[in-house]
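>>> here is my input, please return the structure:
(one chain, ligands or ions: 1)
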Amino acid sequence: MSVPTVFFSGGAGFIASHTIPILLERGYRVRIFDNMLRGDRAMVEELAATGMVDLVEQDVRYGGAVQNAMKGCTHAIHFATVSINKSIADPYESIDINVTGNHNVFAAAADHGVKRLVFASSASVYGDPEKLPMHEDDRLDPLTPYCISKRMGEDLLGFYQRTKGLSWLALRFFNVYGEGQKIEAYYTSVINTFLRRIRTGEPPVIDGRGEQSMDFVHVRDIARAVVSALESERDNMPINIGTGIDTSIAQLAKILIAAVGVDMEAQFNPRDVLVSRRAADINRAREVLGWEPAVSVEQGMAELVRNAR
Ligand SMILES: NC(=O)c1ccc[n+]([C@@H]2O[C@H](COP(=O)([O-])OP(=O)(O)OC[C@H]3O[C@@H](n4cnc5c(N)ncnc54)[C@H](O)[C@@H]3O)[C@@H](O)[C@H]2O)c1
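Numbering: from 1, shown residues only. Presented below is the predicted three-dimensional model:
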């Protein structure tokens, strides 16, 4: 029997760097499809040295290149994207990569009859939630080209399921963090901003009362969810991947101060801020993927601080 092979767009990026080692452990070959604009070349070379990983340095905007690279692949993971903030600055590029690119990958996966496609969707498809925890069936209200393209991606997967029998799962990642993340990452930049100040002996500064919250989920937990989604028996639905716990900005500051091990209090900068909150309902992930987050925010942040020393 031939070795199962995963087409992995965006496979040279942050979350992929934690996912590919698990795929290799489980006996998959991996074909990274990445234009390397943000990819980690040293990481790719290290993985390629195993003989089980190859790199197709190409762009998801080119349908022909995607079709070629999909040949011989039994599974697909689609991560290639441009981020939220870039999508606001340049909607044209965002629509090109995140809409045409999504379509190219989904169409090729359907044409080549892959067993499963896993799509990185995002909690941002919900917009500002009306209630917590956020459930997959809640109203979607994507606000930026990036979020709109994630929602559209989920809808397009439905189209290829109905017309060509594509089997898919869309994982709505919440606020991913962990080692290897680029510092300008939209949601989690607050971690780096706080840490920089704490390390230089200055307290983190919080606008308002620090009530806005995020559902921080560690990248190792995300990576396990991706592999479970590639192999699960059930398919064709979106699934939240978070911890279910909303951590406020004020709590985050406390957790980071404790992780660095200094004696200080955050400073509050009184002003009106729009309080947005986030927490995932993760019952579907438990039921469909048999997945459970394993890294608490306290553990994950402590590890981040230790490794960055
Ligand atoms: N990190 C998070 O907090 C988060 C949250 C929700 C969803 N997601 C989604 O998870 C996926 C992976 O995120 P990440 O944090 O690993 O991102 P990342 O930026 O580290 O990786 C993305 C990779 O895609 C590649 N890429 C970009 N444009 C491309 C193109 N046109 N053609 C080919 N390759 C291209 C980049 O070079 C990079 O290696 C993305 O789809 C992202 O939207 C991430």
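
>>> distance from stretch 137-156 to the middle of the chain?
15 Å (C-alpha atoms, centre = their mean, to the nearest Å).

>>> output it as PDB, restricted to C-alpha atoms.
Extracted C-alpha coordinates of stretch 137-156, given in PDB (Å, rounded to 0.1, in the frame of the first residue of the first chain):
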ATOM      1  CA  ASP A 137     -24.600  27.200  15.200                       C
ATOM      2  CA  ASP A 138     -24.500  30.800  16.400                       C
ATOM      3  CA  ARG A 139     -25.100  33.700  14.000                       C
ATOM      4  CA  LEU A 140     -22.000  34.400  11.900                       C
ATOM      5  CA  ASP A 141     -21.000  38.000  11.300                       C
ATOM      6  CA  PRO A 142     -17.600  38.200   9.700                       C
ATOM      7  CA  LEU A 143     -16.300  41.800   9.700                       C
ATOM      8  CA  THR A 144     -13.100  41.900   7.600                       C
ATOM      9  CA  PRO A 145     -12.100  40.400   4.200                       C
ATOM     10  CA  TYR A 146     -10.100  37.800   6.100                       C
ATOM     11  CA  CYS A 147     -13.100  36.700   8.200                       C
ATOM     12  CA  ILE A 148     -15.400  36.900   5.300                       C
ATOM     13  CA  SER A 149     -13.100  34.600   3.200                       C
ATOM     14  CA  LYS A 150     -13.000  32.100   6.100                       C
ATOM     15  CA  ARG A 151     -16.800  32.000   6.100                       C
ATOM     16  CA  MET A 152     -17.000  31.800   2.400                       C
ATOM     17  CA  GLY A 153     -14.400  29.000   2.500                       C
ATOM     18  CA  GLU A 154     -16.700  27.000   4.800                       C
ATOM     19  CA  ASP A 155     -19.600  27.500   2.300                       C
ATOM     20  CA  LEU A 156     -17.400  26.500  -0.700                       C
END
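
>>> name the element Leu169 belongs to?
strand 168-173 (DSSP states H and E).

>>> could you point out which element follows that strand?
strand 175-177.

>>> so what's the closest residue to Asn102 other than its chain neighbours up against?
Nearest residue to Asn102, sequence neighbours excluded (C-beta to C-beta, 6 or more residues apart in numbering): Gly153, at 4.4 Å. C-betas here are computed from N, CA, C, even on glycine. The neighbourhood of Gly153, defined by C-beta atoms under 8 Å, 6 or more residues apart in numbering, consists of 78, 98-99, 102, 106, 119, 121, 170.

>>> show me the helices in the stretch 1-150 of the chain, by range?
Using DSSP state H, counting those that start in this stretch, the helices of the stretch 1-150 of the chain run over residues 14-25, 41-48, 63-70, 84-89, 91-95, 101-111, 145-164.
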